[in-house]
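Undergrad: here is my input; please provide its structure:
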Amino acid sequence: MAQRDGASPLRIGIDLGGTKIEGVVLDAANQVVAGPHRVATPREDYAATIAAVRDLVRRLDGEIAGQSPQATIGIGIPGSLVKRTGLVQNANSVWLNGKPFERDLAHAIGRPVRLANDANCFALSEAIDGTAAGARSVFGVILGTGCGGGLVFDARLLDGPNGIGGEWGHNPLPWPRGDEVPGRKCWCGRNGCMETWVAGPALEQAYVEAGGERLRASEIARRAGRADTAAQAVTAAHLDRLARGLAHVVNIFDPEVIVLGGGLSNLDHLYEALPGAVAGHVFSDDPQVVIRPPKWGDSSGVRGAAWLW
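TA: Reported below is the predicted structural model:
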């Protein structure tokens, strides 16, 4: 991600989430010089989403007025672009799908923008100056309301010709057991995607089905630590499925570091138990599995978006 000749030393990063849009400006030293600012995401409204991003960029531009050349703009989205057409695909913010979002944003803002999957932005941020800095190969995992991933090698994204590198959330659960087939229906139209097993809503629903009340994943984990047997059972099953899914990635990409992001990355028990559980499924006589929490927390995605230039 070397800076282009003549490019601005300032980078605007925008993280377009399902519920909020966040924006910052980074300088050449990777320090935040404007923002962060957050606004609500206009759900189910494509034109309003474009307007919200445009207005956030204008606000950030106003805070760095007088800089020349203008700051570059990178945007993380909950999907990816079809490289041949430039249309959005695979976004769980479904009102973006099939739309030329990059082109329409550039027109609305009045200068070029670069878009990438939000999990890719997260992985890039943590690989460049986050918890995985110095590692050549990094897999960044998003475990929040959805489940995604991004691959980074030598500080560059590996998104592939289809723009879906690292998109493990819509692979099926590996080594399924009888009661895991065919699995829950996913919003993408398939059954048994990793997202339906390991994202936050999946853990919360599993606790309800085990006889518990509707709680956030963090509270379920706390109850597991206080000998709530239903909470212990569902967190153990969640960890086992997460381990199987990550082992598939390790067997293919073999990253030096796996970084967890999203709301479930705050569950401490994952860092204690998950490396060993993953190693049990890895095709190696001496598996080395390193799993770390993010250095930049919820700000990783927006920082990585800024690094798209």
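Undergrad: where does the stretch 51-200 of the chain have low pLDDT?
TA: The stretch 51-200 of the chain contains residues with pLDDT under 70 at 68.
Undergrad: which stretches in it count as strands?
TA: 72-77, 80-81, 88-89, 114-117, 137-143, 147-153, 156-157 (DSSP state E, counting those that start in this stretch).
Undergrad: which residues does the closest residue in space to His281 that isn't next to it in sequence contact?
TA: Nearest residue to His281, sequence neighbours excluded (CB to CB, 6 or more residues apart in numbering): Ala247, at 3.4 Å. Heads up, the C-betas are built off the backbone N, CA and C, glycines and all. If you count contacts by CB atoms under 8 Å, 6 or more residues apart in numbering, Ala247 has them with 174, 278-282.
Undergrad: give me the element Ala247 is part of.
TA: Secondary structure assignment for Ala247, by DSSP states H and E: helix 229-253.
Undergrad: what about the helices in the stretch 101-250 of the chain?
TA: Applying DSSP state H, counting those that start in this stretch to the stretch 101-250 of the chain gives helices spanning 101-109, 118-129, 194-198, 200-209, 217-225, 229-253.
Undergrad: tabulate the ones you listed in TSV, adding columns for distance to Ala91.
TA: Converted to TSV, these look like this (distance: least, CB to CB, whole Å):
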stretch	distance to Ala91
helix 101-109	9
helix 118-129	10
helix 194-198	13
helix 200-209	17
helix 217-225	23
helix 229-253	21
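Undergrad: just name the most buried of these.
TA: Highest mean neighbour count of the helices of the stretch 101-250 of the chain: helix 118-129, a mean of 30 (counted as mean count of other CB atoms under 10 Å).
Undergrad: CA atoms only for that one, dumped as CSV, please.
TA: Provided in CSV are the C-alpha atoms of helix 118-129 (Å, rounded to 0.1, in the frame of the first residue of the first chain):
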residue,chain,number,x,y,z
ASP,A,118,-15.4,-4.1,5.3
ALA,A,119,-13.7,-7.3,6.5
ASN,A,120,-10.9,-6.6,4.1
CYS,A,121,-10.5,-3.1,5.5
PHE,A,122,-10.4,-4.6,9.0
ALA,A,123,-7.7,-7.1,8.1
LEU,A,124,-5.7,-4.5,6.2
SER,A,125,-5.7,-2.1,9.2
GLU,A,126,-4.6,-4.8,11.7
ALA,A,127,-1.9,-6.0,9.3
ILE,A,128,-0.4,-2.6,8.6
ASP,A,129,-0.2,-1.1,12.1
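Undergrad: what is that helix packed up against?
TA: Applying 3 or more CB pairs under 8 Å, 6 or more residues apart in numbering; DSSP states H and E, we find helix 118-129 packed against strand 11-16, strand 72-77, strand 137-143, strand 147-153, strand 156-157, strand 257-261, helix 300-306.
Undergrad: figure out which of the helices of the stretch 101-250 of the chain is closest to Leu60.
TA: Closest approach to Leu60 among the helices of the stretch 101-250 of the chain (CB to CB): helix 101-109, 10.9 Å.
Undergrad: rewinding a little: now rank the contacts of Ala247 by neighbours and give me the top one.
TA: Among the contacts of Ala247, the one with the most neighbours (other CB atoms under 10 Å) is Val278, at 23 neighbours.
Undergrad: rounded mean pLDDT for the helix or strand hosting that residue, please.
TA: Using DSSP H and E, the element containing Val278 is helix 268-279. Confidence over helix 268-279 (mean pLDDT, whole number) is 96.
Undergrad: that helix - contacts with which helices or strands?
TA: Partner elements for helix 268-279 (3+ CB pairs under 8 Å, 6+ apart): helix 217-225, helix 229-253, strand 291-292.
Undergrad: one more time with 10 Å, if that's ok
TA: If contacts are counted by 3 or more CB pairs under 10 Å, 6 or more residues apart in numbering; DSSP states H and E, helix 268-279 sits against helix 217-225, helix 229-253, strand 257-261, strand 291-292.
Undergrad: export the ones you listed to TSV and tack on mean pLDDT and distance to Ser300?
TA: Shown next, in TSV, are the helices and strands packed on helix 268-279 (pLDDT from 0 to 100; distance: least, CB to CB, whole Å):
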stretch	mean pLDDT	distance to Ser300
helix 217-225	92	19
helix 229-253	96	18
strand 257-261	97	6
strand 291-292	98	12
